[in-house]
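Student: With the sequence up front, the predicted model follows.
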Amino acid sequence: MIKQIKSSEIKNFISENKDVELLDVRTQEEWDNVGKPDGEKIGIKTHFVTIVRSPKPSANKEFIEEVKKQINLENQLLILCKAGGRSMMAAQLLSQEKIKCINISDGFEGNGESLGWKSENLPFK
């Protein structure tokens, strides 16, 4: 079972867990048009690997290998998308590879129940 965390809990989680990295799995268009989380400002390395290619949606077949090349496999990985769906899918795939994953359940933009990274005033660019 994948652990869930809300954006409102992230600063506290990071203060209690030092070996953490952030992975944003949204598309290039989302990063360009909506913004990117700036995890470095809260002390965590941030990675950007899309799980779904666009403009014509298709799975990124190299997703797992791209992530493995970028992250420290010993660290916990907070995973982020727009509202928590794609990041959960990514967390499930990566967990099968024995990567310790935590889904940010409200994503970058919120999910109707929680505000999300951007509205919680977590750093972004």
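Tutor: Noted; the coordinates are in hand.

Student: Which parts of the chain are strands?
Tutor: Per DSSP state E, the chain carries strands over the ranges 3-5, 20-24, 45-48, 52-53, 58-59, 76-80, 101-104.

Student: and those strands, which is most packed in?
Tutor: Compared across the strands of the chain, strand 76-80 shows the largest average neighbour count, a mean of 26 (mean count of other Cβ atoms under 10 Å). For the C-beta atoms, the positions are set from N, CA and C on the backbone; glycine is no exception.

Student: Can you name every helix or strand that it contacts?
Tutor: strand 20-24, helix 85-95, strand 101-104 (3 or more Cβ pairs under 8 Å, 6 or more residues apart in numbering; DSSP states H and E).

Student: Residue 3: which of these is closest?
Tutor: strand 101-104 (4.7 Å; Cβ to Cβ).

Student: thinking again about what came up before, out of the helices and strands packed on strand 76-80, nearest to residue 10?
Tutor: strand 101-104 (7.2 Å).

Student: rewinding a little: rebuild the helices and strands packed on strand 76-80 as CSV, extending it with mean pLDDT and distance to residue 47.
Tutor: Listed next are the helices and strands packed on strand 76-80 as CSV, based on pLDDT from 0 to 100; distance: least, Cβ to Cβ, whole Å:
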stretch, mean pLDDT, distance to residue 47
strand 20-24, 98, 5
helix 85-95, 97, 11
strand 101-104, 98, 13
